[in-house]
Every structure is written in structure tokens, then in C-alpha cells.
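Chemist: have a look at this fold, sequence not included:
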């Protein structure tokens, strides 16, 4: 009976290990596919009154797309229209935020439309890229008019 129990435990451990490897492979494959779309950066997101979430952001033609790091869907969890997004301030992260986000991040406080605010945590080079992407919007796009 003891041998059968040990064998069952070994199979259970092997099955758990296989599931973990498959989950890690799925997350890595998703990240690879997201990066193939181009212009992706590691980006933390905090919405009004919520905690920080880690993820990957992608710059598209007219929107900033945010994907959670451990998600399985290829659809973005959050989408922010370029014409509604504005960086209003930036600051270094607090000590508590550094433990969550990791070192080398800058927190960009952003305004969405008239009343919504979000915080994005990006590397300094990624923040420069975000600002350049926002400034390179077509003329009139911030007014909701494109020609």
C-alpha cells in the first residue's frame, strides 16, 4: 500500500509540474505574440482607487492598449483612445511602489477625458516613447476631428 501511495504522489507531482510548465509556456507564447505586433513596453497600471497591476502596453494607430501580464486573452484588458489620453505629471515611485513595480520606473499621472485619471508605471525610455506617440498624433485628432 505504501508503494502505491508513493507512486500516486509521484504521478500527482508530475501532473502538477506539467501544468505549471504548460502555463508558463502559454504566458511566454502570448507575450511573444503581443510583441510581434510591435511597439510594446512593460507597463504598470493603476486606475482610480485600485492597486497596481503589471502588464504590457501596446501603441496602436489611435489607441493605447494595456494587457495584463498573466492574462490568456489576446484582447486588451484596457484600451485608451489617443485623443483622450494626456500625461499631466510624472514622479518617481514611492518605496512601496518600487517593491511592486520594480526599480527603474517612472509613474506618469494621466488624464482620460475630463474626469478620469490613471497612473502608468514605465521605464524612462518607454515614457519618452509614450510622450512622443502622444505628440505625434495627427493634427486635429485631440479635437475628435481628423482630416
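Modeler: Structure received. This one's a predicted model, so the numbers in the text were calculated from it and none came from an experiment. Numbering: from 1, shown residues only.
Chemist: next structured bit after the least confident helix or strand in the chain by mean pLDDT?
Modeler: Across the helices and strands of the chain, mean pLDDT, DSSP states H and E gives its lowest value to helix 2-36, namely a mean of 77. Of the helices and strands lying after helix 2-36 in sequence (DSSP states H and E), the nearest is strand 40-47.
Chemist: circling back: tell me what the least confident helix or strand of the chain is packed against?
Modeler: Helix 2-36 sits against strand 53-59, with contacts defined as 3 or more CB pairs under 8 Å, 6 or more residues apart in numbering; DSSP states H and E. Where you see a C-beta, it was placed from the backbone N, CA and C, and this is true even at glycine.
Chemist: so how far is the strand it packs on off the chain centroid?
Modeler: Here the centre of strand 53-59 is set off from its chain's centre by 2 Å, with CA atoms, centre = their mean, to the nearest Å.
Chemist: buried ones in that strand, by neighbour count?
Modeler: Of all the residues in strand 53-59, those buried under the rule 16 or more other CB atoms under 10 Å are 53, 55, 56, 57, 58, 59.
Chemist: could you dump those residues into CSV and include pLDDT?
Modeler: Below are the buried residues of strand 53-59 laid out as CSV (pLDDT from 0 to 100):
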residue, pLDDT
53, 94
55, 91
56, 92
57, 92
58, 89
59, 88
